[in-house]
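Engineer: below are the sequence and a predicted model; questions follow.
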Amino acid sequence: MIKESIKRKFIITTFALIIFLITLSFPKEENPNQYTTISYQKGDTSPIYLLDNTSYVVRTDMYIEGYDSIEKAKYILSMLTIDDKNANYIPSFFNPIIPKGTKIISIDIQDTTIKVNFSKELLSIPEELEEKLIQCIVYSLTEIDSIDGVIIYVEGNILENYPNSQKKLPLRLTREIGVNISYQMNSLKNVAKTTIYYIAKEKDCSYYVPVTILENNEKEKIEIIIEHLKNSPNDKTNLMSYLNATTELSNYEILESQVLLSFTNLLYEGISADEIIEEVKYSIALSIKDTLNIDNVIFLNE
């Protein structure tokens, strides 16, 4: 009986020790209120830029096929092309913009620049959409990892001017060209350029609309972004921002690849809604990413 009792105690003790060690193996939960990080990691989906029903260039995430950057670029461009079979996968309230029948003759990547040679059908874009055509192509292709510039060719010749207006184009196109550009300046002094990501809705779907604003403003760009997101756009649009108008940016720090932000009060005031708070954070983060070329935005809670 004594041996059985000792054996039973040994088994119980051993089992308890195993349970204790298993418990230790789980990571400890960190304080969730210390900070929130918004970073940009691409998986099977990638942001592409299309037209919405009000002719804004808009950002939405779509599943992208392709094993390398060139294959992904081909798939993205096919989704941007009117009546292409892959364009059928985009939501009905978004529209492709590359003219019907446009073919990709060749694609090449050198360092961080992608070179795309289109057929002449690309030039049939209506004049009122020619700037948005370039914006959709450039913003979509620069979402591919390691790509930050685009050179557009038509039938082997570099596209040096817009097809209709003949306005000059940079040979190497980057996000510096802006998107949905809004000119709000009255002089050429102290011109600040920021890209603000507003929110729009179609049916039950929310999506982001980037607007590049040129204005006379001497403030730091992060301060300008927050001020714009606290206010609705000046023109009559369906663009929105849920950022609390009383929110104040108490402190921020710009590091090599990230920005730290601190606010004095709530980003969103009203009925608690996690999805709205996330939309506010992503509006801020996307705006800072495009304006300052930053990978991560960290929201610190005071």
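Structural biologist: Yep, that arrived.

Engineer: helices of this protein, residue ranges please.
Structural biologist: With DSSP state H as the criterion, the chain has helices at 2-25, 69-79, 130-141, 221-229, 274-292.

Engineer: rank these by pLDDT, which is bottom?
Structural biologist: With a mean of 41, helix 2-25 has the lowest mean pLDDT of the helices of the chain.

Engineer: break down the chain into its strands, ranges please.
Structural biologist: For the chain, the strands defined by DSSP state E occupy 35-38, 45-52, 57-63, 94-95, 104-110, 113-118, 149-154, 157-158, 182-184, 191-202, 205-216, 249-254, 258-263, 296-300.

Engineer: roughly how far apart are Gln110 and Thr174?
Structural biologist: Here Gln110 is placed at a distance of 15 Å from Thr174 (Cβ to Cβ, to the nearest Å). C-beta coordinates here come from the backbone N, C-alpha and C atoms, glycine included.

Engineer: which one of the two is surrounded by more residues?
Structural biologist: Higher neighbour count among Gln110 and Thr174: Thr174, with 15 against 9, using other Cβ atoms under 10 Å.

Engineer: could you measure the more buried one against Ile134, distance?
Structural biologist: 11 Å.

Engineer: please apply the same query to Leu261.
Structural biologist: Distance from Leu261 to Ile134, by Cβ to Cβ: 32 Å.

Engineer: Glu223 touches Ser250, doesn't it?
Structural biologist: No: between Glu223 and Ser250 there is no contact under Cβ atoms under 8 Å: 11.6 Å.

Engineer: which residues touch Tyr197?
Structural biologist: Residues in contact with Tyr197 (Cβ atoms under 8 Å, 6 or more residues apart in numbering) are 59, 208-211, 282-283, 286-287, 290.

Engineer: what sits closest to Asp290 if chain neighbours are left out?
Structural biologist: Excluding the flanking residues, the one nearest Asp290 by Cβ to Cβ, 6 or more residues apart in numbering is Thr195, at 4.2 Å.

Engineer: for Asn95, see how far away the one you found is.
Structural biologist: Using Cβ to Cβ, Thr195 is found at 21 Å from Asn95.

Engineer: neighbour count for the two, which is higher?
Structural biologist: Neighbours were counted for Thr195 and for Asn95 using other Cβ under 10 Å; Thr195 has more, 23 against 16.

Engineer: can you report how many residues lie near the closest residue to Asp84 other than its chain neighbours?
Structural biologist: Distances taken as Cβ to Cβ, 6+ apart place Ser78 nearest to Asp84, at 4.7 Å, with adjacent residues excluded. Residues lying near Ser78 (other Cβ under 10 Å) number 18.

Engineer: I figured Leu286 hits Val211, correct?
Structural biologist: No: in this structure Leu286 lies outside contact range of Val211 using Cβ under 8 Å: 11.5 Å.

Engineer: show me what contacts the spatially closest residue to Leu51 that is not a sequence neighbour?
Structural biologist: Leaving aside its sequence neighbours, Leu51 sits nearest to Asn95 (Cβ to Cβ, 6+ apart; 4.4 Å). Contacts for Asn95 (Cβ under 8 Å, 6+ apart) come out as 50-53.

Engineer: just the buried members of the residues you listed?
Structural biologist: Those of those that meet the buried threshold are 50-52, by 16 or more other Cβ atoms under 10 Å.

Engineer: what stretches of the protein score poorly on pLDDT?
Structural biologist: Along the chain, the model assigns pLDDT under 70 to residues 1-44, 234-236, 268-276, 301-302.
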